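Trainee: how does the following fold in three dimensions:
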Amino acid sequence: MLKYSKAHRRILPQCRNSVYYLLAQINHSTKHSYPPTEPAMTETHKDKPWLFRTYAGHSTAKASNALYRNNLSKGQTGLSVAFDLPTQTGYDSDHILARGEVGKVGVPVAHLGDMRALFDDIPLEKMNTSMTINATAPWLLSLYIAAAEEQGADIGALNGTVQNDIIKEYLSRGTYVCPPAPSLRMITDVAAYTREHLPKWNPMNICSYHLQEAGATPEEELAFALATATAVLDDLKGKVPAKNFPEMVGRISFFVNAGIRFVTELCKMRAFVDLWDEICRDRYGVEDAKYRRFRYGVQVNSLGLTEQQPENNVYRILIEMLAVTLSKNARARAVQLPAWNEALGLPRPWDQQWSLRMQQILAYETDLLEYDDLFDGNPAIDRKVEALKKGAREELATIDGMGGAVAAIEYMKSRLVESNARRIGKIETRETTVVGVNRWMEAAESPLTSGDGSIMVADKDAEQDQIDRLTAWRAARDNAAVASALHSLRAAAKSGANIMPASIAAAKAGATTGEWGNVVREVFGQYRAPTGVSKNPSNRTEGLDEIRAEVSALAARLGRPLKFLVGKPGLDGHSNGAEQIAARARDCGMDITYDGIRLTPEEIVNAAKKDRAHVVGLSILSGSHIPLIAELMERMRDAGMGEIPVVVGGIIPEDDATRLRAMGVARVYTPKDFELNRIMHDIVALVDSAGIAAE
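Mentor: All right, here's what the predicted structure looks like:
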């Protein structure tokens with residue numbers, strides 16, 4: 001999925017000597033060497049491999065079911081379900097905001113029939129299922145329970161995880177629905193329900209993955225994730241008996257990111273283990289060590305995958321996987337790897353198979369699982385771990401001083417935007433090397449991407465097929481039973497009762513995702529998270545003199561500052577690119593409007609007309625660019641603004657870029673266009689050549 005590891009074979013633990021060579025290199029500066037004796041072999045106590053997952057789901061429940069069964073037949077040991085954006089944000093597939101988004105970044109699940117089809121011939125009682133779902137987690141878990149009951153499963157035996165982490169949605173990914181307080185309440189409602197009815201289920205998977213994608217430093221990733229965990233546990237205290245609270249602490253899991261800086265990422269995971277143990281013991285008084293274990297799954301860093309020379313991504317994925325598997329005491333319990341071509345589009349089954357084989361080779365062909373922790377007592381590792389813990393504790397103290405994670409959302413969001421700006425700036429100036437992007441750009445054409453078929457294309461008819469089946473579902477159900485169930489759901493939401501029993505009843509009655517979402521929006525209200533982009537210019541002006549002079553000269557000709565409206569149409573909440581474009585335009589002297597995510601084309605056009613925008617920039621990473629941009633361009637012309645340049649950024653294949661330009665889009669930018677100053681120069685030139693009358 002667009003969602004969204006491991007280098008040279010010499011680093012792989014294929015033989016004893018290669019491991020010691022790596023450790024010796026790490027410790028060279030400390031004059032420390034490991035003893036020549038081998039760690040004790042523990043063949044009879046060989047560790048079990050982690051769960052092998054691939055993050056998957058697309059088009060329809062039926063198509064995704066076929067993909068899951070195919071992956072399981074190839075040795076995958078757990079499912080990781082990606083849902084489409086309407087499902088994640090509580091809308092039905094025929095809602096106006098769902099246009100173009102259905103089945104694009106995951107599978108649409110609008111009702112029990114879809115969930116039933118998604119897991120057809122997959123015995124849920126025997127499966128470990130991870131569902132990447134947050135705002136609508138109570139609803140999707142309810143549908144999952146209802147589908148399992150139809151299979152005859154013992155509900156108490158269900159094993160898996162719902163991500164159920166709303167706070168990071170406000171910070172980095174944008175699939176929130178309600179304000180923070182009621183969202184936190186629904187998180188802990190799920191946790192309390194699973195304690196009683198699903199004892200093997202992980203009710204929350206605190207997700208720092210998207211924090212790193214949004215620019216978080218390792219210290220920020222540690223602190224913001226742990227602050228989220230404490231916010232949830234503080235709220236959960238009153239919902240479970242005191243005697244059961246340590247057990248619930250033990251059922252909180254994490255989902256993390258592993259980037260390309262191998263040693264730092266390995267140390268980050270060891271720091272996570274130590275800090276979580278410390279918090280569980282000192283803050284919550286958890287005495288049993290097994291409930292203080294840091295349990296985590298990982299997807300390695302999709303942000304670092306490059307459109308240029310994409311075959312290099314295979315090595316990146318392998319290096320990043322090593323960071324979360326080599327250290328036994330900080331080893332992931334589940335690993336899912338992106339495919340090498342995710343920066344280009346939707347991976348094919350073969351691409352996912354290739355990533356799965358990477359895990360299997362490490363787990364089964366090497367001797368990694370036969371040894372104790374290879375890094376214990378390593379002074380270089382210990383120093384880095386302590387430095388990360390110190391930085392994370394300082395951030396945690398700041399957040400605690402603000403009243404906790406919920407109260408500190410705006411602070412954390414602004415920190416992420418600033419950190420991401422520094423990261424991008426270092427790539428632009430080549431302080432950070434990215435092979436094939438800012439150094440060694442010349443390369444032979446890759447046979448993996450030549451010709452058609454290097455990525456999978458979503459079925460263009462899938463959206464209408466989904467809508468037709470949704471219409472048929474509504475027509476065939478008992479609408480009186482649905483109305484009664486939704487009335488009970490509304491009453492539970494208003495009363496403060498646990499939201500899960502009423503949600504499960506609504507799922508069984510035939511209610512839809514949009515109907516459930518409408519109830520919680522009605523009771524709890526909607527919310528717009530802070531953008532993290534201040535109106536005030538930052539102090540990062542180095543290298544901007546030339547472009548600032550161009551902007552100033554153009555403003556003088558126009559008779560007012562150059563007005564740049566940045567918008568995100570549709571449901572895509574990945575706002576990192578839009579934030580950085582808006583921030584750089586602001587620092588270059590432009591007058592920006594950026595109101596965040598989840599806008600309709602009509603709303604964007606109305607805002608452009610009201611603000612008298614000179615240029616409109618749109619960011620879409622979900623693959624829904626064609627229908628959304630087509631509508632926006634038509635509305636721009638109808639509003640008499642056809643001369644206003646429109647630029648578009650996203651994961652856009654070249655054929656689609658050609659179509660967008662034919663619609664009148666002035667420029668199309670993709671992940672390879674990392675030089676923000678060049679984009680700013682383009683914008684000035686576009687406005688200057690558009691012939692917009694001076695005022």
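Trainee: let me see the ranges of the helices in the stretch 101-250 of the chain.
Mentor: Taking DSSP state H, counting those that start in this stretch as the test, the helices found in the stretch 101-250 of the chain are 112-118, 137-150, 167-168, 180-197, 209-213, 218-236, 245-250.
Trainee: what's the closest of those to Val263?
Mentor: Smallest distance to Val263 across these (Cβ to Cβ): 11.0 Å, for helix 218-236. Heads up, the C-betas are built off the backbone N, CA and C, glycines and all.
Trainee: and the helices of the stretch 101-250 of the chain: which comes nearest Gly510?
Mentor: helix 112-118 (6.5 Å).
Trainee: alpha carbons of the closest one, as CSV, please.
Mentor: Written as CSV, here are the backbone C-alpha positions of helix 112-118 (Å, rounded to 0.1, in the frame of the first residue of the first chain):
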residue,chain,number,x,y,z
LEU,A,112,-20.6,-6.5,7.9
GLY,A,113,-21.0,-8.0,4.4
ASP,A,114,-17.6,-6.4,3.4
MET,A,115,-15.9,-7.7,6.6
ARG,A,116,-17.4,-11.1,5.9
ALA,A,117,-16.0,-11.1,2.3
LEU,A,118,-12.6,-9.8,3.5
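Trainee: picking up where we left off before, adding mean pLDDT, mean neighbour count and distance to Val482, write the helices of the stretch 101-250 of the chain out as CSV.
Mentor: Formatted as CSV, the helices of the stretch 101-250 of the chain follow (pLDDT from 0 to 100; neighbours: other Cβ atoms under 10 Å; distance: least, Cβ to Cβ, whole Å):
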stretch, mean pLDDT, mean neighbour count, distance to Val482
helix 112-118, 97, 22, 11
helix 137-150, 97, 24, 14
helix 167-168, 93, 28, 32
helix 180-197, 95, 21, 21
helix 209-213, 92, 27, 34
helix 218-236, 96, 24, 31
helix 245-250, 95, 20, 33
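Trainee: distance to Arg477 for those - can I get that in a markdown table?
Mentor: Listed next are these as a markdown table, based on distance: least, Cβ to Cβ, whole Å:
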| stretch | distance to Arg477 |
| --- | --- |
| helix 112-118 | 9 |
| helix 137-150 | 13 |
| helix 167-168 | 35 |
| helix 180-197 | 25 |
| helix 209-213 | 35 |
| helix 218-236 | 35 |
| helix 245-250 | 36 |
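Trainee: ok, which of those helices comes nearest Lys494?
Mentor: helix 180-197 (10.8 Å).
Trainee: so how far is that closest one off the chain centroid?
Mentor: Offset of helix 180-197 from its chain centre (Cα atoms, centre = their mean, to the nearest Å): 21 Å.
Trainee: show me where pLDDT drops low in this protein?
Mentor: 1-45, 451-454, 456-458 (pLDDT under 70).
Trainee: and the helices of the stretch 101-250 of the chain: which comes nearest Glu603?
Mentor: Smallest distance to Glu603 across the helices of the stretch 101-250 of the chain (Cβ to Cβ): 23.5 Å, for helix 180-197.
Trainee: check which helices and strands the closest one is in contact with.
Mentor: Judged by 3 or more Cβ pairs under 8 Å, 6 or more residues apart in numbering; DSSP states H and E, helix 180-197 is in contact with helix 137-150, strand 204-207, helix 218-236, helix 245-250, helix 499-509, helix 513-524.
Trainee: I'd like those as TSV, with distance to Pro310 appended.
Mentor: Listed next are these as TSV, based on distance: least, Cβ to Cβ, whole Å:
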stretch	distance to Pro310
helix 137-150	32
strand 204-207	26
helix 218-236	26
helix 245-250	40
helix 499-509	41
helix 513-524	34
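Trainee: and the nearest residue in space to Ala289 that is not next to it in sequence, how many neighbours?
Mentor: Closest residue in space to Ala289, ignoring its immediate chain neighbours: Asp277 at 7.9 Å, by Cβ to Cβ, 6 or more residues apart in numbering. Neighbour count for Asp277, taken as other Cβ atoms under 10 Å: 15.
Trainee: now do Ala553
Mentor: Neighbour count for Ala553, taken as other Cβ under 10 Å: 12.
Trainee: can you give me the separation between it and Gly425?
Mentor: Using Cβ to Cβ, to the nearest Å, we find Ala553 at a distance of 25 Å from Gly425.
Trainee: dump the residue contacts of the closest residue to Asp572 other than its chain neighbours.
Mentor: Leaving aside its chain neighbours, Asp572 sits nearest to Ser622 (4.0 Å; criterion: Cβ to Cβ, 6+ apart). Residues in contact with Ser622 (Cβ atoms under 8 Å, 6 or more residues apart in numbering) are 2, 85, 101, 104-105, 570-572, 574, 650.
Trainee: now with 6 Å?
Mentor: Applying Cβ atoms under 6 Å, 6 or more residues apart in numbering, we find Ser622 in contact with 85, 101, 104-105, 572.
Trainee: helix/strand/coil for it?
Mentor: Secondary structure, DSSP: H, G, I helix; E, B strand; the rest coil: Ser622 is coil.
Trainee: so after the helix or strand where Ala82 lies, what's the next helix or strand?
Mentor: Secondary structure from DSSP states H and E places Ala82 in strand 79-82. In the C-terminal direction, the helix or strand that comes right after strand 79-82 (DSSP H and E) is helix 85-89.
Trainee: distance from the chain centre to that following helix, please.
Mentor: That offset, for helix 85-89, works out to 13 Å (Cα atoms, centre = their mean).
Trainee: what do you get for stretch 211-229?
Mentor: From the chain centre to the centre of stretch 211-229 is a distance of 13 Å (Cα atoms, centre = their mean).
Trainee: in the stretch 501-650 of the chain, which spans are helices?
Mentor: With DSSP H, counting those that start in this stretch as the criterion, the stretch 501-650 of the chain has helices at 513-524, 545-558, 576-587, 601-611, 625-638.
Trainee: what does the fourth one rub up against?
Mentor: For helix 601-611, contacts defined as Cβ under 6 Å, 6+ apart pick out 563, 565, 567, 569, 593, 616, 631-632, 635-636, 639.
Trainee: quick revisit: report the buried residues of the strand holding Ala82.
Mentor: 79-82 (16 or more other Cβ atoms under 10 Å).
Trainee: so what strands line up beside it?
Mentor: The strands beside strand 79-82 in its sheet (DSSP bridges) come out as strand 55-56 (parallel), strand 128-132 (parallel).
Trainee: okay, the longest one in PDB with CA atoms only?
Mentor: Coordinates of each C-alpha in strand 128-132 appear next as PDB, following Å, rounded to 0.1, in the frame of the first residue of the first chain:
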ATOM      1  CA  ASN A 128      -3.200 -13.000  14.200                       C
ATOM      2  CA  THR A 129      -4.700  -9.900  12.600                       C
ATOM      3  CA  SER A 130      -3.400  -6.400  12.800                       C
ATOM      4  CA  MET A 131      -5.800  -3.700  11.700                       C
ATOM      5  CA  THR A 132      -4.400  -0.300  11.000                       C
END
